[in-house]
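Enquirer: let's see this in three dimensions:
(2 chains)
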Amino acid sequence: MDSQKIKNIPGPDTISTFTLENGATILSFSNFNSRSIYMIGILNGGGVLDPSKKTGLAHFTASLLSRGTKNLSFSDFHSQLESAGANLVFSCGSQHAWFKGKALAEDAELLFRLSSDSLRNPSFNREYIGRLRNQLLASLTIRDQDTSEMASLLLDRYLFPDHPYGQPIDGYIEIIQSITRSDIIQFHDQVYSPADMIIVVAGAVDGKEIRNLSEKYFSTWKKNTAVQLENKLVPPPPANIIRKHKFIKGKSQVDLLMGCFSPARTSPDYMPVFIGNNILGQFGLMGRIGKIVRSKSGLAYYVSSSVGAWSDVGTWEFSAGVNPKNVKKTINLIRKEIDRFVKSHVTDQELDNSKSHLIGRMPMSLESNGGLANAILTMQRFKLGLDYYQKYTGRIKSITAKQILTASKRYLHPDRLIITSAGPGEEIT
Amino acid sequence: MNSKIKKHVLENGLTILTKEIHHAPLVSHWIWYRVGSRNEIAGKTGVSHWVEHMQFKGTPKYPINVLDAAISKVGGYWNAMTYLDWTTYYETLPADKITIAINLEADRMINSIFEKKETELERTVVISEREGNENDPMFRLSEVIRSAAFDQHPYAQQVIGEIEDLRTLSRGDLYNHYQQYYTPGNAVLAIAGDFETEVLIKELTQKYADIPASSISPHIKVTPENKISKNDQITVEGPGDTVYVQISYRAPRATDDDFFALMVLDSLLTGPASLSMFGGGSISNKTSRLYRKLVENDLSVSISGGLQATIDPFLYDILAITSPEKDTQLIIKSITEEIDRIQNNSVSQVEIDQAIKQAKALFAYGSESITNQAFWMGYSSMFADHTWFDAFIGNLEKITKDRILSASQKYLDSNHRIIGIYRPSQKEND
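Expert: Residues are numbered from 1 along each chain as shown, chains lettered A, B, ... in the order given. Take a look at the predicted model:
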């Protein structure tokens, strides 16, 4: 890779950053190779703030933000967006509410104006609460029939017992039915705030214009009384194998998930585990796991492993779609590979291959405005430093097989896993 | 600056399309074969898709594990897709590693092994893929609608194939299919990214020129079907608590002038959609006519449309998702009424202008990615040629009220359509 030609790696010298008086931080990166802009923002309002017995309230509230404001009806809001060929959506993850928008560069102001109005002045119109409730309920009934979603729900529940991460962001049918307009208004009033909000914009627009738009539309949002994230202690990792299966009638295939914790995004263990996982279940046709389960045994159409990380913990997951009669065999093969992985160093060749892959892959992930904006958000959100991607190659190269083994052993063990599945086959409760 | 598409044809018939894009040090390399489920006969369905799987099983020069390591090691990604009219293989990788993709694809155009043992291992993988599809109610609905919408045409079959055929297809069936269709004259190579065309063409010529042209015409005779011959309503029952209502009409082929009118019509009815399979961005559909009519009136929770660019006339689908207590006949009636309104000349120029602006925006979003640009060149060559891609926006801009009116009357005919309803079955849910 010719490093001189990698012009698109954002860094401190090319990212415009400033913080408004209300605490909101805005970052922008100019990319005039495209005609569009991409905007992403995160702020207080994720699922971890769901009150007890109101699982799904944060998601319900965030989803309502695109249903009209006190200044714009639902219809006007979407007419303005759609007639410009733009898009703006609101939702939430476990830690934050988020919004994402895309527009032609000439319509950048539209995204700022509508996102500001939606976050600050949602109408929470009764008609649209009712309509969204029906849409959410429909998606939950579809979820109940989705073998992959149900296996995932079970995994989270048993990996994070009595913790918000163990609860589904989109809630449960009976709770969504019971959420009232006043629950939503109260949640929005208590939680949404510009303090700690991060907005990132990438695309065919310069930093000065983004600064002007941010000041115009967000600086007058004065509020700093929001309920903040409570760092609830993550439960201990699994001490043994916990096996659960959700029977879903009329399905042909079982979706299988096996999981445990992985390091937090800011942990020194993150990078060794990230590279180790690439060797275990990503590289080429899904790493060692793909080779043994799919290529050598023909047991599954898809099989892979992944690591996901928040600021306090992460998850390491192994997934496969298999015929019901092959579930046990697949579990045993994956456990055997995990055992091998935590007992011996990865080979020099495996390590070289994965490092080379991850280094070569980086420019591709930064090719689009969406990729650029998300990379900048990750650096800011996890305080990795705005030079993180500029130093990424060096970071990857410095990791050793010993570091991978040492870090992986702290999280991964073949006898300490939550194993869940959904589809045909007798329920395991 | 980005250059225009250049076309070069080798003596053995291989068409090469190139487009220089220099904003990132990347190249996306796609080889497209004119073979898909359209080229399959009864009893051998799914063979094109299975052959695609076998193409990852190695050649004498690039054994199975060497293939994926070669691409992945440099940070590239690769995959393949099989569809109605085509099968494609792509690699996106650092520009200075383009030779890996060229060597690999030139080699597996003629040298794939199709070992018996690997064929059997892949049989269970393909069956597993089909079983995953079967978990989805939409797949089940699509199967019966497609089957009803065509009398003889192979588009009636799902790309994945019938389960009985997947159990009985042999190594010989797969290898014959490969030999028949994987030839230079039946392929289009589309490459976009950071390269110099002249240098690249020289390298491609060196690698591909020795592959012999095939003397056999690879294509089976397929008779296109125009209007759906009936007006049927089919109900499928299965597990779940959600109802899916799909109405399918015959759509024009991609090279028909009416195709662009139907694209705009779809945008008016169900909202803008990109033809690209690599997205790049989407636009919501909340001001579309059917969203307002169905979702805003609480008849359904969502509405969407589906139009594919194909060699022969395929289908235009309208899909509504709703709950079991809603009146599906009222949903069908509402969709029909809205189409009637359009057929009675209710379309305004403002609506058309909005649809075209949305299409332009989606096109701009999709063009951010080099992978997407290479995709478009090859994709359009499968049902037309690369000029189809060049003329895409211009053709949309030519759409008038009269052409929309005419297309709506010609294609959205309520006497010639298939309505499919997926309902939760009490028996299956017990």
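
Enquirer: if you drop the residues flanking it in sequence, what lies closest to the residue in the stretch 151-300 of chain B that chain A sits nearest to?
Expert: Residue nearest to chain A within the stretch 151-300 of chain B (Cβ to the nearest Cβ): B:P239, separated by 3.4 Å. Glycine gets a C-beta too; all of them are placed from N, C-alpha and C. Computed as Cβ to Cβ, 6 or more residues apart in numbering or on different chains, the closest residue to B:P239 that is not its neighbour in sequence is A:G250, at 3.4 Å.

Enquirer: and that neighbour, how many residues sit next to it?
Expert: Using other Cβ atoms under 10 Å in any protein chain shown, A:G250 has 20 other residues around it.

Enquirer: quick one: pLDDT of it?
Expert: At A:G250 the predicted local confidence, pLDDT, stands at 88.

Enquirer: surely it is in contact with B:R140?
Expert: No: proximity of A:G250 to B:R140 does not meet the contact threshold set by Cβ atoms under 8 Å, at 9.4 Å.

Enquirer: give me the common contacts of these two.
Expert: Counting by Cβ atoms under 8 Å, 6 or more residues apart in numbering or on different chains, the residues touching both A:G250 and B:R140 are B:G238.

Enquirer: roughly how far apart are whichever residue of the stretch 301-430 of chain B sits closest to chain A and B:S274?
Expert: Closest to chain A within the stretch 301-430 of chain B is B:A361: 2.7 Å, counting by Cβ to the nearest Cβ. Here the distance between B:A361 and B:S274 works out to 10 Å (Cβ to Cβ, to the nearest Å).

Enquirer: tell me which of the two has more neighbours.
Expert: Between B:A361 and B:S274, B:A361 has the larger neighbour count (other Cβ under 10 Å), namely 25 against 19.

Enquirer: ok, the residue of the stretch 151-300 of chain B closest to chain A touching A:F247?
Expert: No: proximity of B:P239 to A:F247 does not meet the contact threshold set by Cβ under 8 Å, at 10.8 Å.

Enquirer: more neighbours, these two?
Expert: For B:P239 versus A:F247, the count of surrounding residues by other Cβ under 10 Å is larger for B:P239: 19 against 15.

Enquirer: list the contacts for the residue of the stretch 51-200 of chain A found nearest chain B?
Expert: For the stretch 51-200 of chain A, the residue closest to chain B is A:G85, as judged by Cβ to the nearest Cβ, at 2.7 Å. The neighbours of A:G85, taking Cβ under 8 Å, 6+ apart as the test, are A:A103, A:L104, A:D107, B:P272, B:I283, B:K357, B:Q358, B:A359, B:K360, B:A361, B:L362.

Enquirer: now do the strands in chain B.
Expert: B:6-9, B:15-20, B:26-33, B:77-82, B:87-94, B:187-193, B:231-238, B:243-250, B:302-307, B:315-322, B:417-424 (DSSP state E).

Enquirer: can you list the ones you listed in a markdown table and add mean pLDDT?
Expert: Converted to a markdown table, the strands of chain B look like this (pLDDT from 0 to 100):
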| stretch | mean pLDDT |
| --- | --- |
| strand B:6-9 | 96 |
| strand B:15-20 | 96 |
| strand B:26-33 | 96 |
| strand B:77-82 | 93 |
| strand B:87-94 | 95 |
| strand B:187-193 | 97 |
| strand B:231-238 | 95 |
| strand B:243-250 | 98 |
| strand B:302-307 | 95 |
| strand B:315-322 | 97 |
| strand B:417-424 | 97 |
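
Enquirer: how about these in CSV, adding mean neighbour count?
Expert: Conversion of the strands of chain B to CSV gives the following (neighbours: other Cβ atoms under 10 Å in any protein chain shown):
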stretch, mean neighbour count
strand B:6-9, 14
strand B:15-20, 22
strand B:26-33, 27
strand B:77-82, 17
strand B:87-94, 25
strand B:187-193, 27
strand B:231-238, 16
strand B:243-250, 24
strand B:302-307, 20
strand B:315-322, 24
strand B:417-424, 23
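
Enquirer: will you turn these into a markdown table that also has distance to A:S152?
Expert: Shown next, in a markdown table, are those (distance: least, Cβ to Cβ, whole Å):
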| stretch | distance to A:S152 |
| --- | --- |
| strand B:6-9 | 47 |
| strand B:15-20 | 40 |
| strand B:26-33 | 32 |
| strand B:77-82 | 24 |
| strand B:87-94 | 29 |
| strand B:187-193 | 36 |
| strand B:231-238 | 22 |
| strand B:243-250 | 23 |
| strand B:302-307 | 22 |
| strand B:315-322 | 21 |
| strand B:417-424 | 22 |
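
Enquirer: among these, which comes closest to A:I331?
Expert: For the strands of chain B, distance to A:I331 was read as Cβ to Cβ. The smallest value, 26.8 Å, belongs to strand B:77-82.

Enquirer: could you find the residue nearest the spatial middle of chain A?
Expert: Of all residues in chain A, the one closest to the mean position by Cα atoms, centre = their mean is A:G93, 6.8 Å from it.

Enquirer: ok, the nearest residue to it once chain neighbours are set aside - contacts?
Expert: Taking Cβ to Cβ, 6+ apart, and ignoring the residues beside it in sequence, A:G93 has A:G46 as its nearest neighbour in space, at 5.5 Å. With contacts defined as Cβ under 8 Å, 6+ apart, A:G46 is in contact with A:A58, A:C92, A:G93, A:S94, A:Q95, A:H96, A:A97, A:L229.

Enquirer: for A:S311, see how far away A:G46 is.
Expert: With the distance defined as Cβ to Cβ, A:G46 ends up 11 Å from A:S311.

Enquirer: so the residue of the stretch 51-200 of chain A closest to chain B lies in a helix, does it not?
Expert: No: counting by DSSP: H, G, I helix; E, B strand; the rest coil, A:G85 is not part of a helix but coil.

Enquirer: residues near A:M286, how many?
Expert: 22.

Enquirer: please name the nearest non-neighbouring residue to it.
Expert: Distances taken as Cβ to Cβ, 6+ apart put A:S304 closest to A:M286, at 4.3 Å, once the chain neighbours are dropped.

Enquirer: pretty sure that neighbour is touching A:G287, no?
Expert: Yes: with contact defined as Cβ under 8 Å, A:S304 reaches A:G287; the gap is 7.4 Å.

Enquirer: what's the overlap in contacts for the two?
Expert: Taking Cβ under 8 Å, 6+ apart as the contact criterion, the common neighbours of A:S304 and A:G287 are A:G281.

Enquirer: okay, these two: which has more neighbours?
Expert: Neighbours around A:S304 and A:G287, counted as other Cβ under 10 Å, are more numerous at A:G287. The numbers are 25 against 20.

Enquirer: and the more buried one, what element?
Expert: Here A:G287 sits within helix A:283-290, counting by DSSP states H and E.

Enquirer: report the contact partners of A:L57.
Expert: Counting by Cβ under 8 Å, 6+ apart, A:L57 touches A:D50, A:P51, A:G171, A:I175, A:I179, A:D183, A:I184, A:F187.

Enquirer: could you tell me which of the residues you listed count as buried?
Expert: Buried residues within the contacts of A:L57, defined by neighbour count using 16 or more other Cβ atoms under 10 Å in any protein chain shown: A:D50, A:G171, A:I175, A:I179, A:I184, A:F187.
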